[in-house]
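Colleague: Predicted model and sequence follow; I will ask about them next.
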Amino acid sequence: MSSRNPDRNELGGFLKARRAELEPRDVGLPDAGTHRRVAGLRREEVAQLAAISTDYYARLEQGRISASATVLASLARVLRLDDDQRTYMYGLAGKNPTTKPRRRAPQKVKPHMQRVLDHITDTPAIVMTPVHDILAWNQLAAALMIDFGEVPERERNFLRLIFTDPRMRTLYPDWEGLARAVISYIRMEAARNPDDARLAELVGDLSIRDPQFRQWWAGHHVAFKRRGARTYNTHPRLLGRKRSNRKDRAELTLRATRSLFQLSWRGSIVSCLLWLQTPQTCNWGTGSCGSHRCRSKFRGAQQP
């Protein structure tokens, strides 16, 4: 005798019927023009847009597991459910549709942390959360990358910016390597916090907007963020040296270590990453680093 819950089976049938009504173009996905054996979206497409694994979604349709309120909210968004359909789906899942899914509270740095950043005048410094929301920065970071203050706070996420802001794409010589690495960090965080509604929304939005993100996210590569080097295309004058050739841009390599700061917010502890890069030597103009390049060695600054 089957141990599956009848309501779960009904929920699975409902989800399957709803995705069969949608075409890829309805949710912003490219239509490759290839013949589909069944109508509508594929399971893997729904799962990707909802920022859940294909296996998880398949088991959900098969009535083998129950869904959290956050997952239901993501599926309602992806499947374009109206209010009645959403209420029905929540009822089948045994959830209250009026209960909002858990969202990450907006995180802020305390004034003393911003003062620390403001006093760092010889190196770029950024404070980011584990999901790469940018919380604070100093002037040199804004000069090296972009002025994050001009970006709406809700869109101030490093992963979002490297895929949606053309300036961030041209800033990194190995943009693809950087993008893949950040995706692997975010995937690791998504596994640790599967009910993060805002993260699911970020992944779903980027999956619709960018085919490269969609492909790389589907690769399921994961990694922890550790110390390493990051190379930038930047103007030589940012290095504090006069240009010695006709190139308008130089290549700047920063070697960074990770310092962990514990920030108190509404009684909870928030772990944020502070990346500090401090110059050791700069061989600009000496010829030792190549005729058209400046490769500056940096060491990770100690936690202040």
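Modeller: In hand now; what should we look at?

Colleague: count of neighbours near R80?
Modeller: 12 (other Cβ atoms under 10 Å). In short, each C-beta sits where N, CA and C put it, glycine included.

Colleague: which ones are touching it?
Modeller: Taking Cβ atoms under 8 Å, 6 or more residues apart in numbering, we find R80 in contact with 22, 26-27.

Colleague: Could you pick out the buried ones from those?
Modeller: 22, 27 (16 or more other Cβ atoms under 10 Å).

Colleague: Out of the contacts of R80, which sit inside helices?
Modeller: The helices, defined by DSSP state H, take in nothing from the contacts of R80.

Colleague: which one of the contacts of R80 is nearest V131?
Modeller: V27 (23.1 Å; Cβ to Cβ).

Colleague: Kindly reformat the contacts of R80 as JSON lines and extend each row with distance to P130 and pLDDT.
Modeller: Formatted as JSON lines, the contacts of R80 follow (distance: Cβ to Cβ, whole Å; pLDDT from 0 to 100):
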{"residue": "L22", "distance to P130": "32", "pLDDT": "89"}
{"residue": "D26", "distance to P130": "33", "pLDDT": "84"}
{"residue": "V27", "distance to P130": "28", "pLDDT": "81"}
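
Colleague: Sketch out the helices for the stretch 151-300 of the chain, chain order is fine.
Modeller: Using DSSP state H, counting those that start in this stretch, the helices of the stretch 151-300 of the chain run over 158-164, 166-171, 175-192, 197-209, 211-217.

Colleague: D84 and L11: what is the separation?
Modeller: 15 Å (Cβ to Cβ, to the nearest Å).

Colleague: Among the two, which residue is more densely surrounded?
Modeller: Applying other Cβ under 10 Å to D84 and L11 shows that L11 carries more neighbours, namely 25 against 8.

Colleague: residues of the helix or strand harbouring the more buried one that come out buried?
Modeller: According to DSSP states H and E, L11 maps onto helix 6-20. Across helix 6-20, burial judged by 16+ other Cβ under 10 Å covers 8-12, 14-15, 18-19.

Colleague: likewise stretch 192-204?
Modeller: 196-204.

Colleague: tell me the mean pLDDT over the helix holding L11?
Modeller: On average, the pLDDT along helix 6-20 is 89.
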